[in-house]
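> Sharing a sequence plus its predicted fold:
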There are 2 protein chains.
Amino acid sequence: MVWPRPEGPLLPKADVVIEGRRFAAVLTEESPQGPFDLVVEGEGRLLLPGLVNAHTHLAMTLFRGLAQDRPLMQWLTEEVWPREKRLTGEVVYWFSLLGLAEMIKGGTTAFADMYFFMEEVAEAVERAGVRALLSYGVIAPTPERMESELRKAEEFAREWEGRAEGRIRVALSPHAPYTCGPEVWKRAVALARELRIPIHTHLAETKEEVERVRAERGRSPVEWLEELGVFGVPVLAAHCVHLSEKDMEILAAHGVHAVHCPTSNLKLACGIAPVVEMLRTGVNVCLGTDGAGSAGDLNMLEEMRLAALLAKVRTGDPQALSAREALGLATWRGAVALGWGKELGTIEEGRRADGILVRLDRVHLFPDYDPVANLVYAGQAADVEALFVDGRFLLRDGQLQTLDEEEILGRCRELAKKFR
Amino acid sequence: MVWPRPEGPLLPKADVVIEGRRFAAVLTEESPQGPFDLVVEGEGRLLLPGLVNAHTHLAMTLFRGLAQDRPLMQWLTEEVWPREKRLTGEVVYWFSLLGLAEMIKGGTTAFADMYFFMEEVAEAVERAGVRALLSYGVIAPTPERMESELRKAEEFAREWEGRAEGRIRVALSPHAPYTCGPEVWKRAVALARELRIPIHTHLAETKEEVERVRAERGRSPVEWLEELGVFGVPVLAAHCVHLSEKDMEILAAHGVHAVHCPTSNLKLACGIAPVVEMLRTGVNVCLGTDGAGSAGDLNMLEEMRLAALLAKVRTGDPQALSAREALGLATWRGAVALGWGKELGTIEEGRRADGILVRLDRVHLFPDYDPVANLVYAGQAADVEALFVDGRFLLRDGQLQTLDEEEILGRCRELAKKFR
């Protein structure tokens, strides 16, 4: 069994001991002596920290494959929004479980989600056993709407922070600079301060957004949020595709975490985010899939691969964002972004026992000169053999331990009929 | 069982009858009456024409994961070329089988390969049961080298055309405009004419190549090959990343087939090929993985997905290269490019029975509003359940039928030791 330290060398043939919810020991010399409740074979596997999907809308798996290859606004106004009016808590619950089943099978142990019916998303997370930063998405162009939306966001936040044995944390989510006015931002920041929770939003996703905010506010979306004091609290900013150098300096200065969502940004023709430039400026960059409705899936291995590939073509440098660095984006940098940086993201004694085992003895992963490069450039979700969170296995031998795939597919099949 | 016509609607619940090597019937109304030698369950599966990998270097799976994230010339001169001097036919044979195992499990029924020790590649193809267009790669900067290299290429071509019950065809492969002088090209064209076989080459892969050929020949690589008469025979041109409008018109006018290799082009920081522009100009565009040494894997589903995603970001249009069109690049357009356009690439009565079955009842492929969009944007190699060529199953229930994975991995493990 081998595992990589953050962007460091692999640790060959280590034994890892888990006690309760934490890694109790990582030993390379002598094997620890039992008795143990459970011994898991690691030979021919890569042990990694769990992947962190730092931006998604889980229940939008309901819209996977719906009217694809359309312009974003047409897709939203004609296909998604009319259907979202018919959403119920039950639909959100089951399609969240569908997304969770996919994420667990693909190696994701923690994620950040922003949507509606968040109580049901939280219940799905509790049942599945993963870790999540959850927030109710506030879209409030008008003052009346603002009050009711902020109230829902606050109620959810107060109710769910620290639940599921600490696996659930919460955030506040003004949706984006172009869908929320200054009052929403100021109120959200004040509340985030009071509750000591972060803000999770969309930022600088399209050129149109940047142009619109510049026209309305006389500055870039990043500059505008800085001026409003938003970056005085921890911020998880999805996309960050269209940034000036000054924008990047602002993000770095305030410790804003940028969530690169390469599949979604390509599929919606938004652009390629300046990941290497952000990292160089000192911004913490992590990875997200965005919702499966727009991106197609919730596959973090794909996002890792794309991040590494796109950084090279954007900079013209095949050395840009190495496989090891891309793995860092998907693991410890994501853990830091979600506020779990001291607890998660690496496999070390005393840290929370979240991790995955990936099979290496596959024809598409041989030779094994560099297992991490193979994982990033050739790995598939189906290579993930096991996944554990807080020392509890949610996937073993490729089989879900807390969720029933047949049940979920059956319920989702019934519920989807109303949305065709 | 449903299957898509080329870029057309899906055919729901069709029964397909195979007799010998061909599709004997495709029936949507009444089920055909047996007895049959073999009945394959298609419920909940998508039946597709086999995927065509139109440009690879199969045996370079030997170099998968070797010294990744390096500049191309450094990787070649310091890592690959010194090792290639130690290649043997045995190494090429077993690593070709490794690549074939990966390709079959990922849905590829036919491919075009250019490398050395091509007899051993051909023997591997014969054993695996797939279809291939094979050619010996000629690199000849000097006249002396030219004679011996062209002789090897000719011997291979004369020996193997039509072998393996017609599943093997051959081509001639001057490597690229910057590695072969005018005499090589002229001789290769004359020989291709005599043998009635195509030319398979690399073209306009990097900006440096275009600049170099412009400096040396006073025209673009495409213009130069046209002037040499190369396009008077069928040509399979890998990459085509850096093209002028005039270049595209030349390729279209001569019916040159462009092989888009998106992963390789990103990973080596070459650029994003103008796929939509080529198609609009009338060029037949198909897809290839390039070698696993540079691209990481031989996964055609990845190339399809990337082609669809990159076309959108390159053109700024989310409608560019739909999922259905991307599937066309990977199937019938590839069959046309390899010279099998009349026999392969669609599922129709009388055509060769090459195809794949893809599982749809997976959590990451639901809901099924659009199975083809799901396949392209969320499909994984592991979803390919069965594959057949000339009516013979090479993969069933995810298990290889003609190759032994354990044997191949074992032999490759031994042989790889000499190349570390």
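Sure, I can see it. As the structure is a prediction and not an experimental result, all values here were calculated from the model. Numbers count the residues shown, from 1 in each chain, chains lettered A, B, ... in the order given.
> When you work out contacts or count neighbours from here on, use the C-alpha atoms and nothing else.
OK.
> who in the stretch 301-420 of chain A is up against chain B?
Counting by CA under 8 Å from any CA of the partner chain, the stretch 301-420 of chain A comes close to chain B at A:308-310, A:312-320, A:322-323, A:363-371, A:373-374, A:377-378, A:380-382, A:405, A:409, A:412-413, A:416, A:420.
> per-domain residue ranges of chain A.
Domain segmentation of chain A under automatic domain parsing yields A:3-49+A:353-400, A:51-337.
> Would you mind finding the most buried of those?
domain A:51-337 (a mean of 22; mean count of other CA atoms under 10 Å in any protein chain shown).
> so residue A:259, which of the three states?
When classified by DSSP: H, G, I helix; E, B strand; the rest coil, residue A:259 comes out as strand.
> so where's the stretch 51-200 of chain A uncertain?
Scanning the stretch 51-200 of chain A for pLDDT under 70 picks out nothing.
> Against residue A:4, how distant is the single nearest residue of the stretch 51-200 of chain A relative to chain B?
Distances between the stretch 51-200 of chain A and chain B by CA to the nearest CA are smallest at residue A:69, namely 4.7 Å. Between residue A:69 and residue A:4 the distance is 38 Å, computed by CA to CA, to the nearest Å.
> Kindly indicate whether the residue of the stretch 151-300 of chain A found nearest chain B is helix, strand or coil.
Here the stretch 151-300 of chain A gets closest to chain B at one residue, residue A:269, 4.3 Å apart by CA to the nearest CA. Following three-state DSSP, residue A:269 is assigned to coil.
> same check, this time on the one 3 residues further on
Remark: residue A:272 carries the secondary structure label coil [criterion: three-state DSSP].
> Quick check: pLDDT value at it.
What the model reports as pLDDT for residue A:272 is 98.
> wait, it sits on residue A:261?
No - with contact defined as CA atoms under 8 Å, residue A:272 does not count as touching residue A:261 (9.2 Å).
> Among the residues of the stretch 301-420 of chain A next to chain B, name the ones in helices.
A:308-310, A:312-315, A:323, A:371, A:373-374, A:377-378, A:405, A:409, A:412-413, A:416 (DSSP state H).
> re earlier: can I get the domains of chain A in a markdown table including distance to residue B:246?
Listed next are these as a markdown table, based on distance: least, CA to CA, whole Å:
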| stretch | distance to residue B:246 |
| --- | --- |
| domain A:3-49+A:353-400 | 35 |
| domain A:51-337 | 24 |
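> quick one on the thing from earlier: the residue of the stretch 51-200 of chain A closest to chain B and residue B:324 touch, don't they?
No - Residue A:69 is beyond contact range of residue B:324, at 9.8 Å (criterion: CA under 8 Å).
> Tell me which helix or strand the residue of the stretch 51-200 of chain A closest to chain B sits in.
Using DSSP states H and E, residue A:69 maps to neither a helix nor a strand.
> Compute the distance between it and residue B:321, please.
Residue A:69 is 8 Å from residue B:321, by CA to CA.
> now residue A:127
40 Å.
> Kindly report the residues of the stretch 101-250 of chain A close to chain B.
Within the stretch 101-250 of chain A, the positions near chain B by CA under 8 Å from any CA are A:101-102.
> in the stretch 101-250 of chain A, which spans are helices?
For the stretch 101-250 of chain A, helices defined by DSSP state H, counting those that start in this stretch occupy the ranges A:118-128, A:143-160, A:182-195, A:207-217, A:221-227, A:245-253.
> Need the CA coordinates for stretch A:263-276. CSV is fine.
Included here for stretch A:263-276 are C-alpha records, laid out as CSV according to Å, rounded to 0.1, in the frame of the first residue of the first chain:
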residue,chain,number,x,y,z
THR,A,263,-16.0,20.4,-16.9
SER,A,264,-18.8,22.8,-16.2
ASN,A,265,-16.8,25.8,-17.5
LEU,A,266,-16.0,24.0,-20.7
LYS,A,267,-19.5,22.6,-21.2
LEU,A,268,-21.2,25.9,-20.8
ALA,A,269,-18.4,27.6,-22.9
CYS,A,270,-17.5,29.9,-20.0
GLY,A,271,-13.7,29.6,-20.4
ILE,A,272,-10.7,28.1,-18.7
ALA,A,273,-9.9,29.5,-15.3
PRO,A,274,-6.4,30.8,-14.6
VAL,A,275,-5.5,28.1,-12.1
VAL,A,276,-1.7,28.3,-12.4
